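Colleague: the sequence and its predicted three-dimensional model are supplied below.
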Amino acid sequence: MAKQKTILIIANLDTRGEDFIFVKDLIKKKGHRAILLDFSMETKPPFSGDITCEQVAEKGGLSIDEVRNYYKKERNIATENQIRGATLIVQELLEKGEIDGVFGVGGGTSLLVSTSIMKKLPLGMPKLMATPMASSPRWVDQCVGTRDITMHHTVFDIVGMNPLLKSQIINAVGAICGMVEMTEGPKVYSGKPLVAISSFGFAEMCVQAAIGFLNEAGFMAVPCHAQGKGDRAMDEMIRQGMFSGVIDVVPRGLAEEMFGGNCAAGPDRILAASESGIPQVISTCGFEQLSYTGRKELEELKKSRPHVVIDAMRVQVRTTPEELRQIARALAERLNKAKAPFKVLIPLKGWSTLDMEGRALYDPKGNAAFTEELKKWLNKKEAVEEIDLHLYTPEFARKLVDEFVKIFNEYKKSKQAGSTR
């Protein structure tokens, strides 16, 4: 039998008490301990949670009576207080090693409160939210974002138990129980320096080869999908000190952010590594294209620019020379703040599978405009190297990794020398 684990259930017992008793009993039947945290805001619940709504309210800074008054007229204040209080309580439980996973179930309010708490918990800790809103892109984007929160789409609203809803709750509870039984926990022990490497399909051959070369060199490569969320998460983890370096093969999120593309990755691209002081090798994959699928302006862009229709989800439009100059200036601005060594490797024969001779997005003159502008604005012009290769090759991957190992070792020696003075 699996070792007993403790699952925290985030609940609003004032409206859904019966449902949470059912959840708690299911967890107990699986041989695990359940703690019921009640964040109720509207009325007094029919019974108390293991952690009461009064405790949550006070931890957030208000009394439960104040929370209930705010709920009637300024509901957002009540909600924010309960999120704040519950988050502090959960973090205390985590520090004491008293919880192994977190489970939420409910509609919009429960989704917001539960996932807001889950976002503050470490990567790798099991977190599952069961809700009929799990299929709504807007809610998922807001409530999951870059965190490893698992969403279970219940289809049916969580209002009173019925046979169809019951089957979904059983599945969801089975999922969180399986997660806490199988998890290795949030602590990562690789024995090797972790190196982030940005990736996407149009750079796949390069990234796969680079992962192998990095591992051979004594590092542990961690690929992060540069679709706007994976690269944003990579930057967050860089800020948290999880990585010893980064090979940014696909820094496209910077350009997507600048020009409103579908894969915008926030304002921290490149800057996170620069300000955090970790060695970085950057290439240019994705700067030559923008993703505008499903956008009203797409039809006009398709008329005026080279583009590639990949599938129903992806249409890639070529960036103009002027846009590439703007991207180069933004990249230089971020790299000029670097506290550790960096290198920019620019492949002369193309930046992705869509940017090859004979392909729709091939434009060496546009790429050259980027390079010229980057050298103009970058303080360390010697950090830019043009390579007579295409990015989508193992040979270019070899260059990326060799340069990374070189600057990583040089930086490590300089830090060691500085610490002995």
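Modeller: Great, that's in hand.
Colleague: how about stretch 26-41 as PDB, C-alpha atoms only?
Modeller: Extracted as PDB, the C-alpha positions of stretch 26-41 are listed here (Å, rounded to 0.1, in the frame of the first residue of the first chain):
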ATOM      1  CA  LEU A  26     -12.900   9.600  -1.100                       C
ATOM      2  CA  ILE A  27      -9.400  10.700  -0.100                       C
ATOM      3  CA  LYS A  28      -9.600   8.900   3.200                       C
ATOM      4  CA  LYS A  29     -10.800   5.700   1.500                       C
ATOM      5  CA  LYS A  30      -7.600   5.900  -0.700                       C
ATOM      6  CA  GLY A  31      -5.600   5.700   2.500                       C
ATOM      7  CA  HIS A  32      -4.600   9.400   2.600                       C
ATOM      8  CA  ARG A  33      -5.200  12.200   5.100                       C
ATOM      9  CA  ALA A  34      -7.300  15.200   4.000                       C
ATOM     10  CA  ILE A  35      -7.200  18.700   5.500                       C
ATOM     11  CA  LEU A  36     -10.200  20.900   4.600                       C
ATOM     12  CA  LEU A  37      -9.400  24.600   4.300                       C
ATOM     13  CA  ASP A  38     -12.600  26.700   4.200                       C
ATOM     14  CA  PHE A  39     -12.400  30.200   2.600                       C
ATOM     15  CA  SER A  40     -16.200  30.800   2.900                       C
ATOM     16  CA  MET A  41     -17.200  34.500   2.400                       C
END
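Colleague: pull out the buried positions in that stretch.
Modeller: 26-27, 30, 32-41 (16 or more other CB atoms under 10 Å). In short, each C-beta sits where N, CA and C put it, glycine included.
Colleague: next: stretch 262-280.
Modeller: Here stretch 262-280 shows 262-266, 268-276, 278-280 as buried, counting by 16+ other CB under 10 Å.
Colleague: ok, now stretch 6-19?
Modeller: 6-17, 19.
Colleague: now, the buried residues of stretch 262-280 that are in helices?
Modeller: For these, the ones inside helices are Leu271, Ala272, Ala273, Ser274, Glu275, Ser276, with DSSP state H as the criterion.
Colleague: how many neighbouring residues does Gly418 have?
Modeller: The number of residues packed near Gly418 is 8, by other CB atoms under 10 Å.
Colleague: on the three-state scheme, it is what?
Modeller: What DSSP: H, G, I helix; E, B strand; the rest coil gives for Gly418 is helix.
Colleague: same check, this time on Asp141
Modeller: Reduced to three states by three-state DSSP, Asp141 is helix.
Colleague: quick one: contacts for it?
Modeller: Under the criterion of CB atoms under 8 Å, 6 or more residues apart in numbering, Asp141 has no neighbours.
Colleague: how about Pro193?
Modeller: Pro193 neighbours (CB under 8 Å, 6+ apart): Gly218, Phe219, Met220, Ser244, Gly245, Phe408.
Colleague: for Thr183, same thing?
Modeller: Per CB under 8 Å, 6+ apart, neighbours of Thr183: Asp100, Gly101, Gly124, Met125, Pro126.
Colleague: circling back: pull the most distant pair out of the buried residues of stretch 6-19.
Modeller: Spatial extent of the buried residues of stretch 6-19 (CB to CB) is set by the pair Thr6 and Thr15 at 25.0 Å.
Colleague: nearest residue to Ile158 in space, please, no chain neighbours.
Modeller: Gly106 (5.0 Å; CB to CB, 6 or more residues apart in numbering).
Colleague: and that neighbour, how many neighbours?
Modeller: 26.
Colleague: over to the one 4 residues further on?
Modeller: A count of neighbours around Ser110, defined by other CB under 10 Å, yields 22.
Colleague: what of Lys376?
Modeller: 12.
Colleague: and it, how far from Arg325?
Modeller: Counting by CB to CB, to the nearest Å, the separation of Lys376 from Arg325 is 9 Å.
Colleague: quick check: which ranges of the chain have low pLDDT?
Modeller: For the chain, applying pLDDT under 70 flags the ranges 1-2, 188-190, 294-300, 302, 312, 419-421.
Colleague: element containing Lys28?
Modeller: Following DSSP states H and E, the helix or strand that holds Lys28 is helix 13-29.
Colleague: for that helix, packing partners?
Modeller: Applying 3 or more CB pairs under 8 Å, 6 or more residues apart in numbering; DSSP states H and E, one finds that helix 13-29 contacts strand 6-11, strand 33-38, strand 101-105, helix 163-182.
Colleague: just how off-centre is that helix within its chain?
Modeller: Distance of helix 13-29 from its chain centroid, counting by CA atoms, centre = their mean, to the nearest Å, is 31 Å.
Colleague: what comes into contact with that helix?
Modeller: Here helix 13-29 has contacts from 7, 9, 11, 33-34, 36, 38, 40-49, 53, 103, 105-106, 110, 158-161, 166, 169-170, 173, 176-177, using CB under 8 Å, 6+ apart.
Colleague: can you do 7 Å?
Modeller: With contacts defined as CB atoms under 7 Å, 6 or more residues apart in numbering, helix 13-29 is touched by 7, 9, 11, 34, 36, 38, 40, 42-47, 49, 105-106, 158, 161, 169-170, 173, 177.
Colleague: tell me the phi and psi of His152?
Modeller: phi -110, psi 120 (degrees, to the nearest 10).
Colleague: show me the helices in the stretch 101-250 of the chain, by range?
Modeller: 108-118, 137-143, 163-182, 204-216, 230-239 (DSSP state H, counting those that start in this stretch).
Colleague: turn those helices into TSV, columns for distance to Glu395.
Modeller: Below are these laid out as TSV (distance: least, CB to CB, whole Å):
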stretch	distance to Glu395
helix 108-118	43
helix 137-143	38
helix 163-182	40
helix 204-216	9
helix 230-239	25
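Colleague: coming back round to it: among the helices and strands packed on helix 13-29, which comes closest to Ile238?
Modeller: Of all the helices and strands packed on helix 13-29, strand 101-105 comes closest under CB to CB, at 25.0 Å.
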